[in-house]
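J.: please find the sequence and the predicted model below.
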Amino acid sequence: MFDWWPGDDSNQFNKVITLLKEISNESKIFFICGNRDYLIGKKFAEDTNITILPDHELIKLGKEKTIILHGDTLCTDDKKYQRFRKFSRSWVSKKVFLLLPKYLKDFIFNFARQKSNHDKSYKDQDIMDVNALAVEKLFNEFNNPPIMIHGHTHRPKIHNYKFNGVKSKRVVLNDWYESGSFLLWDKGKLKNVKI
């Protein structure tokens, strides 16, 4: 939803917050933090009336159990990113970062983003995709539901699996840089709707 979230004390997204509050008065909205908006906290949730979910959540689409997640936790081959993820999401790191003035937060974010873009240009593309064992482990952890939905990798596709005799599919969402899209559950089927 955001290119990055500098903390709940930010006022740069007031229009978005107001719009989300209006929508949440009509429909229930749930949110899973990603790799650039993980600093979203209680104040944002209260201001928007949005429910923040954990990294992995089991929901129901009709009668189908479905795992939803951002997707970065499945990219376990990218050890450097996973170390950064663990460090940046620790309560100590978050607390210290949120105490910084906005100009310093912006500087750190821009520096980290440039470094990330630079590092990505040297990484093997397969490292930045999901790890097959991590996918299987997560399916097993949730008792092999038929569907998993995530983003993060920017490689939209439907992958079919069979774990423990159960057919499952993993749906990878598009990114939002060029054009947006969303999944619609309609008459027992998922449809990808481009905006």
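T.: Looks like it came in fine.

J.: residue contacts, residue 20?
T.: Listed by Cβ atoms under 8 Å, 6 or more residues apart in numbering, the contact set of residue 20 reads 29, 48-50. The way it works is simple: take the backbone N, C-alpha and C, and place the C-beta from them, glycine included.

J.: what's the answer for residue 93, then?
T.: So residue 93 contacts residue 87 (Cβ under 8 Å, 6+ apart).

J.: confirm it sits in a helix?
T.: Yes. Looking at residue 93 with DSSP: H, G, I helix; E, B strand; the rest coil, it is inside a helix.

J.: picking up where we left off before, need the buried ones from the contacts of residue 20 selected in PyMOL.
T.: Selection of buried members from the contacts of residue 20 for PyMOL, criterion 16 or more other Cβ atoms under 10 Å:
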select buried, resi 48+50
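
J.: residues in contact with stretch 129-139?
T.: Residues contacting stretch 129-139 (Cβ under 8 Å, 6+ apart): 56, 67, 69, 71, 73-77, 145, 148, 153, 155, 161, 163, 168, 170.

J.: what subset of these is buried?
T.: For these, buried by 16+ other Cβ under 10 Å: 56, 67, 69, 71, 73-77, 145, 148, 153, 155, 161, 168, 170.

J.: so where's the protein shaky on pLDDT?
T.: The chain contains no residues with pLDDT under 70.

J.: residue at max distance from the center of it?
T.: residue 165 (28.6 Å; Cα atoms, centre = their mean).

J.: rewinding a little: got the contacts of residue 20 as CSV, with secondary structure columns?
T.: Shown next, in CSV, are those (three-state DSSP):
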residue, secondary structure
29, coil
48, helix
49, coil
50, coil
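
J.: residues contacting residue 127?
T.: By Cβ under 8 Å, 6+ apart, the residues touching residue 127 are 75, 77-78.

J.: try residue 194
T.: 174, 179-181.

J.: who wins for most neighbours among these?
T.: Each of the contacts of residue 194 was scored by neighbours using other Cβ atoms under 10 Å; the highest score is residue 174's, at 18 neighbours.

J.: surely that residue is in contact with residue 183?
T.: No. Using Cβ atoms under 8 Å, residue 174 is not in contact with residue 183, being 9.8 Å away.

J.: hey, what's in contact with both of those two?
T.: residue 192.
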